[in-house]
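[1] predicted model follows, preceded by the sequence.
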2 protein chains.
Amino acid sequence: MSLTITGHIVNRFDSEMITIHNMIMAMGELAKSQLLKVLDLLENMNPELAGEVVANDVKLDNLEVKTDDEIIRVIARRGPVARDLRALLAMSKSVTDLERIGDEIEKISKLLIQLYAPGNSPPSDNLLRDIRRMGKAVMELLSGIMEVYKLMDSGRAKEVVRGHSEMDGYFRADLWRLLTFVMEDSRNVGHTVKLVLIIKAFERIGDHVKNIAEQVIYFAEGEDVRHLGSRQS
Amino acid sequence: MSLTITGHIVNRFDSEMITIHNMIMAMGELAKSQLLKVLDLLENMNPELAGEVVANDVKLDNLEVKTDDEIIRVIARRGPVARDLRALLAMSKSVTDLERIGDEIEKISKLLIQLYAPGNSPPSDNLLRDIRRMGKAVMELLSGIMEVYKLMDSGRAKEVVRGHSEMDGYFRADLWRLLTFVMEDSRNVGHTVKLVLIIKAFERIGDHVKNIAEQVIYFAEGEDVRHLGSRQS
């Protein structure tokens, strides 16, 4: 176990911290497996799998409530101060971000179900190519942040923040391409609205990952980086 | 003073809670005055005022750090449990949402500066009309949630959550209109990308307001409403 928030993994408080840490890791793993399914859907749409992703989101919701309750219980029971308390508050905020990542994944699945509804002509491979690329970049961010969380490695958290700064560019480039596509054929407007909502959801997942990265840096280094260097996003 | 979280405004802990509450109200007032300036800019663009909005955002950032520090200090000093502790954690999350509302307002101001840069043809009134309407709806949400916060009125918080459910419709309708606009003239693509980023920022402000509303309901009623009824958003 590599969680060494206070450097002495011995007492009951620390074992409770590890429990919370593991609950957050479980949330992250679930979010990753959900996002992986969405990437599969973008390659090979399958309404059944999309429905499964939507149905699974409730598991992340439940984990959020449980983890947040555990955090509150530990604060109430142990009365931590200073660094430990900050760590617990940062964890509570990360839990919220992970749950919202789940919400965005659910949204994307629902939009894919609409896009591929029987009777609709499915979006062209050409259009999906850019969106897949953005999806993969988001997956890398999410995997990256869960590695960071596992090791509480603030150096790698900073890499994630830097990686996030590319998201805005992806969004603008994809949006530009989608707008050009609309120009070619006005029948594409309906499709394009949904595709824009999909890239918007991917971009927001990236934002939540960045928030988590900033929380990790904050409590690993005890410094507030929320307002340093990442303001362009 | 109408803050009666525990029903007995007498001891030092309560006066500290009121201090935090007032800090959050100050953040809300600042966010509102910033958003009001953005609405003015959408009526009458003025690069100087837009620059002022961008420069002002640092004040919200500073208030976030101060308020969060105060919350941590109170938890560490008073060791609150149960309801009071939940209230403080909910406040901490709301502080994060208010700061991010500020970030979105800053983004919109920067985009307006780009749109109206010398040499660009400014966006038509026709296009701006829909965006103004969305901006006003967002302003109503933000004013509504600060009223809710002032009175800790969970009934009105539920109204805010309901009001938020219209945001998705605004976004889709505006996006549709913008796409149609692109079809008319391909020279509009550059403008449209920026206008989509503006409506995306407005929509995200709405999301943050909804988050705050849910936190108020959560700690006023002691029930977790985060996963009830608002899943369509």
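    Perfect, I can see it now. Numbering: from 1, shown residues only, chains lettered A, B, ... in the order given.
[2] mind checking the SS state of residue A:189?
    helix (DSSP: H, G, I helix; E, B strand; the rest coil).
[3] which SSE is the nearest residue to residue A:46 once chain neighbours are set aside in?
    Once flanking residues are discounted, residue A:46 sits nearest to residue A:40: 7.7 Å by Cβ to Cβ, 6 or more residues apart in numbering or on different chains. Yep, even glycine has a C-beta here, placed from its N, CA and C like the rest. Assigning secondary structure by DSSP states H and E places residue A:40 in helix A:12-43.
[4] rewinding a little: please tell me how far the residue nearest to residue A:46 sits from chain B.
    Applying Cβ to the nearest Cβ, to the nearest Å, the value for residue A:40 to chain B is 23 Å.
[5] could you report the pLDDT at that residue?
    Note on residue A:40: pLDDT of 98.
[6] you'd agree it is up against residue A:49?
    Yes - when contacts are counted by Cβ atoms under 8 Å, residue A:40 is listed as touching residue A:49 (6.8 Å).
[7] for the helix or strand of chain A with the lowest mean pLDDT, buried residues please.
    Taking mean pLDDT, DSSP states H and E as the measure, the helix or strand of chain A with the lowest value is helix A:167-184, at a mean of 89. Counting neighbours by 16 or more other Cβ atoms under 10 Å in any protein chain shown, one finds that the buried residues in helix A:167-184 are A:167-168, A:170-172, A:174-179, A:181-183.
[8] and if you look at stretch A:19-28?
    Per 16+ other Cβ under 10 Å, stretch A:19-28 contains these buried residues: A:20-21, A:23-24, A:26-28.
[9] hey, C-alpha coordinates of that stretch in CSV?
    The C-alpha trace of stretch A:19-28 is given here as CSV (Å, rounded to 0.1, in the frame of the first residue of the first chain):
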residue,chain,number,x,y,z
THR,A,19,-10.5,2.6,3.2
ILE,A,20,-11.6,5.9,1.7
HIS,A,21,-8.7,5.9,-0.7
ASN,A,22,-9.7,2.5,-1.9
MET,A,23,-13.3,3.6,-2.3
ILE,A,24,-12.2,6.4,-4.5
MET,A,25,-10.0,4.1,-6.5
ALA,A,26,-13.0,1.8,-7.0
MET,A,27,-15.0,4.8,-8.3
GLY,A,28,-12.2,5.6,-10.7
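[10] which residues sit against that stretch?
    A:3, A:60, A:63-64, A:66-67, A:70-71, A:74, A:88, A:91, A:94-95, A:98-99, A:142, A:145-146, A:149-150 (Cβ atoms under 8 Å, 6 or more residues apart in numbering or on different chains).
[11] which of these come close to chain B?
    Checked against chain B using Cβ under 8 Å from any Cβ of the partner chain, those yield the following neighbours: A:64, A:71, A:99.
[12] so what's the second one up against?
    Put plainly, it is residue A:71. So residue A:71 contacts A:20, A:88, A:91-92, A:95, B:89 (Cβ under 8 Å, 6+ apart).
[13] what of the first one?
    Applying Cβ under 8 Å, 6+ apart, we find residue A:64 in contact with A:27, A:95-96, A:98-99, B:226.
[14] on the pLDDT front, check it for me.
    For residue A:64, the pLDDT comes out at 96.
[15] mind telling me what element it is part of?
    Using DSSP H and E, the element containing residue A:64 is helix A:47-78.
[16] helices and strands around the least confident helix or strand of chain A, which ones?
    helix A:125-151, helix A:189-221, helix B:167-184, helix B:189-221 (3 or more Cβ pairs under 8 Å, 6 or more residues apart in numbering or on different chains; DSSP states H and E).
[17] out of the ones you listed, which comes closest to residue B:110?
    In terms of Cβ to Cβ, the element of those nearest to residue B:110 is helix B:189-221, at 9.5 Å.
[18] okay, angle between the closest one and helix A:167-184 too, please.
    Angle of helix B:189-221 versus helix A:167-184, following axes from the mean of the first three to the mean of the last three Cα atoms, to 10 degrees, is 120 degrees.
[19] could you give me the buried positions within helix B:189-221?
    Buried residues in helix B:189-221 (16+ other Cβ under 10 Å): B:189, B:191-220.
[20] wait, does that helix contact chain A?
    Yes - counting by Cβ under 8 Å from any Cβ, chain A is contacted by helix B:189-221 at B:189, B:192-193, B:196-197, B:200, B:204.
[21] one step back: can I get the buried residues of helix A:167-184 in CSV including distance to residue B:33?
    Listed next are the buried residues of helix A:167-184 as CSV, based on distance: Cβ to Cβ, whole Å:
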residue, distance to residue B:33
A:167, 30
A:168, 27
A:170, 33
A:171, 29
A:172, 29
A:174, 34
A:175, 30
A:176, 34
A:177, 38
A:178, 35
A:179, 34
A:181, 40
A:182, 37
A:183, 39
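[22] list the residues that contact the spatially closest residue to residue A:206 that is not a sequence neighbour.
    Closest residue to residue A:206 apart from its sequence neighbours, by Cβ to Cβ, 6+ apart: residue A:167 at 4.0 Å. Residue A:167 sits next to A:134, A:137-138, A:141, A:203, A:206-207, A:233 when contact means Cβ under 8 Å, 6+ apart.
[23] okay, who's weakest in these by pLDDT?
    Scoring the contacts of residue A:167 by pLDDT puts residue A:233 last, at 35.
[24] so what's residue A:209 up against?
    Shown in contact with residue A:209 (Cβ under 8 Å, 6+ apart): A:97, A:101, A:138, A:141-142, A:144-145, A:160, A:164.
[25] ok, residue A:124 to residue A:192 distance?
    11 Å (Cβ to Cβ, to the nearest Å).
[26] same question, residue A:221
    For residue A:221 relative to residue A:192 (Cβ to Cβ), the value is 43 Å.
[27] on that earlier part again, list the buried residues for the very next helix or strand once past the helix holding residue A:64?
    For helix A:47-78, the succeeding helix or strand toward the C-terminus, using DSSP H and E, is helix A:82-115. For helix A:82-115, the neighbour count (16+ other Cβ under 10 Å) marks A:84-113, A:115 as buried.
[28] got the angle between helix A:82-115 and helix B:82-115?
    Here helix A:82-115 runs at an angle of 60 degrees relative to helix B:82-115 (the same axes, to 10 degrees).
[29] what does chain A put close to chain B?
    Within reach of chain B by Cβ under 8 Å from any Cβ, chain A has these residues: A:58, A:61, A:64-65, A:68, A:71-72, A:75-76, A:79-82, A:85-86, A:89, A:92-93, A:96, A:99, A:103, A:172, A:175-176, A:179-180, A:182-183, A:186, A:189, A:192-193, A:196-197, A:200, A:204, A:224, A:226-227, A:231.
[30] now with 7 Å?
    For chain A, the contact set with chain B under Cβ under 7 Å from any Cβ of the partner chain comprises A:61, A:65, A:72, A:75-76, A:79, A:81-82, A:85-86, A:89, A:92-93, A:96, A:172, A:175-176, A:179-180, A:182-183, A:186, A:189, A:192-193, A:196, A:200, A:224, A:227.
[31] which residue packs closest to residue A:158, ignoring adjacent ones?
    Nearest one to residue A:158, counting by Cβ to Cβ, 6+ apart, is residue A:217 at 6.4 Å.
[32] what sits against the nearest residue to residue A:103 once chain neighbours are set aside?
    Spatially, and ignoring its direct neighbours in sequence, residue A:103 is nearest to residue A:57 (6.9 Å; Cβ to Cβ, 6+ apart). By Cβ atoms under 7 Å, 6 or more residues apart in numbering or on different chains, the residues touching residue A:57 are A:102-103, A:106.
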